[in-house]
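1. no sequence on hand, only this structure:
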């Protein structure tokens, strides 16, 4: 067995658990667009700040250094080094937005799986005569 064997999750397999979890997921899905909107807005702001800082840094790089004309690559490298904080903030905002998208997709998949399992459990109860129908 690999290292993943230590992290096996065995969810409760009852209609009460499934119903409760579906309600939790419903609330999270309902709140998802608000959270994702905040993350998207933060990403747009961070991207604009990074682009502005990069443009300013490129303008600030001299065309010549010690009498030698700098190449475009050298100017880009200097601008890259000068915009580390803004680039990092942009990357963090991008990662946060992508994470919120991943969470949303994960919640949708879990909801679908729980709904399927709930339907299967209900069918089993009906077949066993315990469904109350």
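-> That came through, no problem. This is a predicted model, so every value here is computed, not measured.

2. which helix or strand in the protein has the lowest average pLDDT?
-> For the chain, the helix or strand with the lowest mean confidence is strand 64-65, at a mean of 87 (criterion: mean pLDDT, DSSP states H and E).

3. pairing partners for whichever helix or strand comes after that strand, with directions?
-> Tracing the chain C-terminally past strand 64-65 and defining elements by DSSP states H and E, one meets strand 68-69 next. Taking DSSP bridges as the criterion, strand 68-69 sits next to strand 64-65 (antiparallel) in its sheet.

4. ok, and what's touching the strand it pairs with?
-> Taking contacts as CB atoms under 8 Å, 6 or more residues apart in numbering, the residues outside strand 64-65 that touch it are 70, 74. In this view, the C-beta of every residue, glycine as well, is placed from N, C-alpha and C.

5. stretch 67-85: which residues count as buried?
-> Within stretch 67-85, the residues that qualify as buried are 70, 75, 78-79, 82-83, counting by 16 or more other CB atoms under 10 Å.

6. where along this protein do the helices fall?
-> Listed in chain order, the helices found in the chain under DSSP state H are 15-60, 72-82, 84-128.

7. quick one: list the elements packing against the longest one.
-> Helices and strands in packing contact with helix 15-60 are listed as helix 72-82, helix 84-128; criterion 3 or more CB pairs under 8 Å, 6 or more residues apart in numbering; DSSP states H and E.

8. turn these into a markdown table, including distance to residue 32.
-> What follows is the helices and strands packed on helix 15-60, written out as a markdown table (distance: least, CB to CB, whole Å):
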| stretch | distance to residue 32 |
| --- | --- |
| helix 72-82 | 35 |
| helix 84-128 | 5 |
